[in-house]
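what would the 3D arrangement of this be:
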Amino acid sequence: MDSKQAPRVRTFLPASIIMMLTGWGGLYAILTNTTPTGGTRWAFFFVMILALTGTFLPGIAYLHRRFPSNPPPAPTVIVRQSLWVAVYFATLAWLQIGRVLTPALILLLAIGLVLIEWLLRMRERAMWRP
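So this is what the prediction gives:
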C-alpha cells in the first residue's frame, strides 16, 4: 500500500461481504423466527451492528479514497468509522424501542459521535513518527 493514499476499497470487500451476509441473514432470522425477549434483543443489536458495519465499510473506504486527508487513514480507522455509523443507527433503534427518540436527540448523538471521531483523528495526526 502506498503510504500517501488511503487503502483501496477492494481490500475491504471480503470482510464487508462476510459481515453483511452474516448480519443481514441473522437479522432476518431474528425478525422472522423469534419473539422479542431479553436475549434476542441483544442478538438483534449485535447482528444489526454487524450488518450495518459491513454495509457502510465500502462506502466509507470510497469516501476516504475520493477525499484524501493528510495523513491518510489506516485500515483500522476506516473500520472504526463504519463501526461508529453502525453503533449510531443501532442506538437510534434502541431509543426508538423505548419511544424516547426525538429529532434533537438524533442530532445531538450524531454531533457527539462526529466530535469523538474528529478528536481521535486529530490525536492521530499529532502523534510524532520518526
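
check contacts around V79.
With contact taken as Cβ atoms under 8 Å, 6 or more residues apart in numbering, V79 is in contact with 12, 53, 57. (Each C-beta comes from the backbone N, C-alpha and C, glycine too.)

using the three-state scheme, assign the second one.
Under DSSP: H, G, I helix; E, B strand; the rest coil, the three-state class of T53 is helix.

if I look at it, how far off is G59?
Using Cβ to Cβ, to the nearest Å, we find T53 at a distance of 11 Å from G59.

next one: the first one
Between F12 and G59 the computed distance is 10 Å (Cβ to Cβ).

compare those two (neighbour count), which wins?
F12 (22 against 14; other Cβ atoms under 10 Å).

next one, pLDDT for that one please.
F12 is assigned a pLDDT of 95 by the prediction.

tell me the contacts of it?
57-58, 61, 75, 78-79.

ok, which pair from these is furthest apart?
P58 and P75 (12.6 Å; Cβ to Cβ).

when those two are compared, which one has more neighbours?
Higher neighbour count among P58 and P75: P58, with 19 against 15, using other Cβ under 10 Å.

quick one: what helix or strand has that one in it?
Assessed by DSSP states H and E, P58 sits inside helix 38-66.

that helix: how far from the chain's middle?
The chain centroid and the centroid of helix 38-66 are separated by 5 Å, computed with Cα atoms, centre = their mean, to the nearest Å.

can you list contacts of stretch 98-115?
Under Cβ under 8 Å, 6+ apart, the answer for stretch 98-115 is 84, 87-88, 91-92, 95.

reformat these as CSV; add distance to R66, pLDDT and secondary structure.
CSV is the format used below for the contacts of stretch 98-115 (distance: Cβ to Cβ, whole Å; pLDDT from 0 to 100; DSSP: H, G, I helix; E, B strand; the rest coil):
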residue, distance to R66, pLDDT, secondary structure
W84, 19, 97, helix
V87, 24, 97, helix
Y88, 21, 98, helix
T91, 27, 97, helix
L92, 26, 97, helix
L95, 32, 96, helix
